[in-house]
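Colleague: Need the 3D shape of this:
(one chain, ligands or ions: 1)
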Amino acid sequence: MRVIRACRELGIASVAVYSEVDRASLHVLKADEAYPIGVAAANESYLNIERILDVAQRCGADAIHPGYGFLSENAKFATACADAGIKFIGPRAVSMEMMGSKTRARQEMEKAGVPVVPGTSRGLVSAQQARDVAAKIGYPVMLKAAAGGGGKGMRWAGSAKELQPALEAARDEALRAFGDDEVYLEKAILNPRHIEIQVLADEHGNAVYLGERECSIQRRHQKVLEEAPSPLIGPAMRRRMGEAAVRVAKAAEYWNAGTIEFLVDRDEKNQAKNFYFLEMNTRLQVEHPVTELITGLDLVQLQIQIAAGRKLPFRQEDVSLRGQAIECRIYAEDPDNNYFPSPGKITMLLTPAGPGIRLDSGVYEGWTVPIDYDPLLAKLVGYGQDRAHAVSRLERAFEELFVAGIKTNVALFQRILADEDFRSGKLDTGYLERLLRSAADGGRKDVSNIAAIAAAVLALLDSISKVAGNGTSTGDGDAHRSGWKNAARTEGLS
Ligand code: MV4
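Modeller: Below is the predicted model of the structure:
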């Protein structure tokens, strides 16, 4: 949907591809043309390079925008596009490969003078080498898969005796997940913040940074809420990180849109925070709207123009940041069942709008959310003059939003937005786990009062039904008795 919108504004016809279960998807309804590419299993459709290129050639497409999932960081796909004479809207395969290997990326960053977390920039050759390096840089350390990213194949070791089992576990997981058991070691940064810099570069050697995004609010390596700018970054730090990010892009001879992820230290004593290169995402990211809102740019249009060979239409000094944007990722997942995916039919949908609200959605009323893919439904983005303004607009928008038929995580955002630590910008990558643990009762302080009232009401209803003989108390035991009462009780307490 995001790419279709950019194309339409540029006067470019769009072509959607879809798997069997996505026949009725919003992007299929809205694109100028749409073609089926196979069954639900991604290997047979959205990851099938041959079938996608076959459609592209048959419909006469000039270019392919890979979105932000599936093949978007796949160097083989970028190469196959080039070989087929179709422009891949993204960087070259060589840049993707450089960043795909985390050890190679670290070597390149060291050469470019970009700070990396202390550790090894080549795969570990033995447990003894791991012990030597860890002893030198100090515990705790992290073992990471060179082919990894996003937390897969990552292990923590707090001491020398935890190191060997952690190394073996990381190797094992890396081999199974990526078919490559190369593992390297980094000093563990405690309670880091996850901050990323958006870059744009053209095919003529020009590169700019577009400020940062604060992405510390995550759960199990899945981002939940992102904002720009970060409440923890001032102009001097933004500039240092931005200039480092541009050095990364130049070192990789990178072009198109990219994001450099950094870990940022806590600054207990010394005011100067440290930042360390973590990895580079060689694609547009889900959370790009917050950068669009504070810069006034259309990143997807710019991606298309860059791919068409144009020069960047502005310089670094022309980029200015204004206001605050906060994105909430609305997922079809069940908060009462450990945030498990909750697919199904959307029986009713009322969407928010109005000042400072952007809703990037892929769903509509009557559509059935399939179980086959990531259950991200929509991104609700609030924009305001400052953080408090953006928060109040989002709170208002969440009151307007109504989704029925499926479970969603919207209540989680209402809790985050109301939380004191969030409002005062006290964020790190442990924030969300702390919030969820501290509020196991859903954050309600009045839960025991509600339970007492519910018990009294139920006792009263029970005695009334016995007198009235209305059939809710049949005497066949609990299984039959008052399913509606149980439903009401569960709803009242959840
Ligand atoms: C780390 C780290 C602490 N120290 N590396 C997690 C995903 C992957 N991209 C890198 N990750 C981390 N690497 C060192 N040396 C802590 C994390 C981490 C994390 C990073 C970003 C956002 C959320 C996170 C949650 C847990 C751990």
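Colleague: Please report phi then psi for Leu312.
Modeller: Per-residue torsions, Leu312: phi -50, psi 130 (degrees, to the nearest 10).
Colleague: That one and the ligand, how far apart?
Modeller: Going from Leu312 to the ligand by Cβ to the nearest ligand atom, to the nearest Å gives 28 Å. To be clear about C-beta, it is placed using only N, CA and C from the backbone, and glycine gets the same treatment.
Colleague: Share the number of residues neighbouring that residue, please.
Modeller: Using other Cβ atoms under 10 Å, the number of residues around Leu312 comes to 19.
Colleague: Check the one 10 residues further on too.
Modeller: Counted with other Cβ under 10 Å, residues neighbouring Arg322 total 12.
Colleague: Which residues of the stretch 51-200 of the chain lie near the ligand?
Modeller: Residues of the stretch 51-200 of the chain found near the ligand, taking Cβ under 6 Å from any ligand atom as the criterion, are Val117, Met142, Gly149, Gly150, Gly151, Glu186, Lys187, Ala188, Ile189, Pro192, His194.
Colleague: Pick out the most distant pair among these.
Modeller: Gly150 and Lys187 (19.8 Å; Cβ to Cβ).
Colleague: So between the two, which is more surrounded?
Modeller: Neighbour totals were compared for Gly150 and Lys187, and Lys187 leads with 18 against 11 (other Cβ under 10 Å).
Colleague: can you give me the mean pLDDT across the strand ranked longest in the chain?
Modeller: Selection of the longest strand in the chain by residue count, based on DSSP state E, yields strand 207-219. Mean per-residue pLDDT for strand 207-219: 98.
Colleague: Switch the residues of the stretch 51-200 of the chain next to the ligand over to TSV; also include pLDDT and secondary structure.
Modeller: Shown next, in TSV, are these (pLDDT from 0 to 100; DSSP: H, G, I helix; E, B strand; the rest coil):
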residue	pLDDT	secondary structure
Val117	96	coil
Met142	97	strand
Gly149	79	strand
Gly150	74	coil
Gly151	79	coil
Glu186	97	strand
Lys187	96	strand
Ala188	97	coil
Ile189	96	coil
Pro192	96	coil
His194	97	strand
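Colleague: what comes up buried for the helix or strand where Ala459 lies?
Modeller: With secondary structure defined by DSSP states H and E, Ala459 is part of helix 447-468. By neighbour count, and taking 16 or more other Cβ atoms under 10 Å as the criterion, the buried residues in helix 447-468 are Ala454, Leu458, Ser465.
Colleague: ok, and which of these reach the ligand?
Modeller: Within the buried residues of helix 447-468, nothing lies near the ligand by Cβ under 6 Å from any ligand atom.
Colleague: from those residues, which is closest to the ligand?
Modeller: Proximity of the buried residues of helix 447-468 to the ligand (Cβ to the nearest ligand atom) peaks at Ala454, which lies at 37.7 Å.
Colleague: Against Lys111, how distant is the closest one?
Modeller: Taken as Cβ to Cβ, to the nearest Å, the spacing of Ala454 relative to Lys111 amounts to 65 Å.
Colleague: Give me the phi and psi angles of the closest residue to Met348 other than its chain neighbours.
Modeller: Excluding the flanking residues, the one nearest Met348 by Cβ to Cβ, 6 or more residues apart in numbering is Ala404, at 4.0 Å. Per-residue torsions, Ala404: phi -120, psi 150 (degrees, to the nearest 10).
Colleague: just Thr429 next, same as before
Modeller: Per-residue torsions, Thr429: phi -70, psi -10 (degrees, to the nearest 10).
Colleague: show me what contacts it?
Modeller: Remark: with contacts taken as Cβ atoms under 8 Å, 6 or more residues apart in numbering, Thr429 is in contact with Asn191, Pro192, Arg193, His194, Ser216, Gln218.
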